[in-house]
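Novice: give me the fold of what follows.
(one chain, ligands or ions: 1)
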Amino acid sequence: MRKNIVAGNWKMNLDYEQGLSLFSEIVNMVKDEVVGDQEVVVCSPAIHLHSLHQLTNSNKVSVGAQNIYQAESGAYTGEVSAAQVRSTGAEYVILGHSERRAYFAETDEVLAEKVNLALKNSLKPIFCIGETKDQREQGEFFNVIQEQLEKGVFHLSASEFAKIVLAYEPVWAIGTGLTASPEQAQEVHAFIRKSIAKAYNSDVAEATTILYGGSCNPTNAKELFSQTDIDGGLIGGASLKSRDFLDIVKVFNT
Ligand code: PEP
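Specialist: Numbering: from 1, shown residues only. As a prediction, the model looks like this:
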């Protein structure tokens, strides 16, 4: 009933030509090899968005941004707005990635504004939540995740919330080669789904796509994605290699 999604996060990698070339490979491989109804999303740097969108040849591959600014328009030199991203044809935007929270001091309050602007401009947020290594070791991770949900997305109406994709990304697993075990990831995903049911209702919770992210690769993806509450992945490093990315996407081939 809920959608399975595998989303790549290219981060600040690939020049314009390299991005087009990798994306063309991905689109062709998806056309030739993907038989299920999983959705594939590529979140690229903003400079690629329009050209990548023009290369999408089926509604199985969508394009997304990695950030937007928290104002509609105006004197914010160097920033990109939700409306500008949407005008490229992009459908998704990653919000609340731990790198943005850590390096750009993005607070839950700012992220809530970004979520609102994304939805207002018909962009679907992929909203990231997750605990640091310290927070896990102190046993605080459920509280941290609950607070990120409450401040970042639970102010939305149920119909707005239905447009959100969540990504559980334990910060200690991102780009580190350390992956949450399937049991650890499932435990948190089940917690997130329960929390959505409490904030809205069980129908909304059951319909929400919750991705796992953190050193996901073709070897560990199958076990992670076969957990009851894991509906796909947000993939960093492995999304920069078309073969690896496609092998992760194909976990959902039936
Ligand atoms: C990410 O940046 O969202 C991510 C999950 O990165 P990696 O797969 O490289 O850990």
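Novice: list the buried residues for stretch 82-92?
Specialist: Ala82, Gln84, Val85, Arg86, Thr88, Ala90, Glu91, Tyr92 (16 or more other C-beta atoms under 10 Å). In this view, the C-beta of every residue, glycine as well, is placed from N, C-alpha and C.
Novice: what sits against the residue nearest the centre of the chain?
Specialist: Centroid-nearest residue in the chain, with C-alpha atoms, centre = their mean: Ile126, separated by 4.0 Å. Residues in contact with Ile126 (C-beta atoms under 8 Å, 6 or more residues apart in numbering) are 7, 41, 43, 64, 92-95, 165-167, 211, 234.
Novice: if we can go back for a sec, okay if I get the buried residues of stretch 82-92 as a markdown table plus secondary structure and distance to the ligand?
Specialist: Converted to a markdown table, those look like this (DSSP: H, G, I helix; E, B strand; the rest coil; distance: C-beta to the nearest ligand atom, whole Å):
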| residue | secondary structure | distance to the ligand |
| --- | --- | --- |
| Ala82 | helix | 20 |
| Gln84 | helix | 23 |
| Val85 | helix | 18 |
| Arg86 | helix | 22 |
| Thr88 | coil | 21 |
| Ala90 | coil | 17 |
| Glu91 | coil | 18 |
| Tyr92 | strand | 13 |
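Novice: quick check, nearest of those residues to Asn57?
Specialist: Glu91 (14.9 Å; C-beta to C-beta).
Novice: which residue does the stretch 151-254 of the chain have closest to the ligand?
Specialist: Gly236 (2.1 Å; C-beta to the nearest ligand atom).
Novice: how many neighbouring residues does that residue have?
Specialist: Neighbour count of Gly236, defined by other C-beta atoms under 10 Å: 22.
Novice: give the contact list for the spatially closest residue to it that is not a sequence neighbour.
Specialist: Nearest non-adjacent residue to Gly236, counting by C-beta to C-beta, 6 or more residues apart in numbering: Asn9, 5.1 Å away. Neighbour list for Asn9: Cys43, Gln66, Ile94, His97, Gly213, Leu234, Ile235, Gly236, Ser239 [criterion: C-beta under 8 Å, 6+ apart].
Novice: the closest residue in space to Lys194 that isn't next to it in sequence: how many residues sit nearby?
Specialist: Spatially, and ignoring its direct neighbours in sequence, Lys194 is nearest to Ala205 (7.2 Å; C-beta to C-beta, 6+ apart). By the measure other C-beta under 10 Å, the count of residues near Ala205 is 20.
Novice: right, and Ala205 touches Ala197 too?
Specialist: Yes - with contacts counted by C-beta atoms under 8 Å, Ala205 reaches Ala197, the gap being 3.8 Å.
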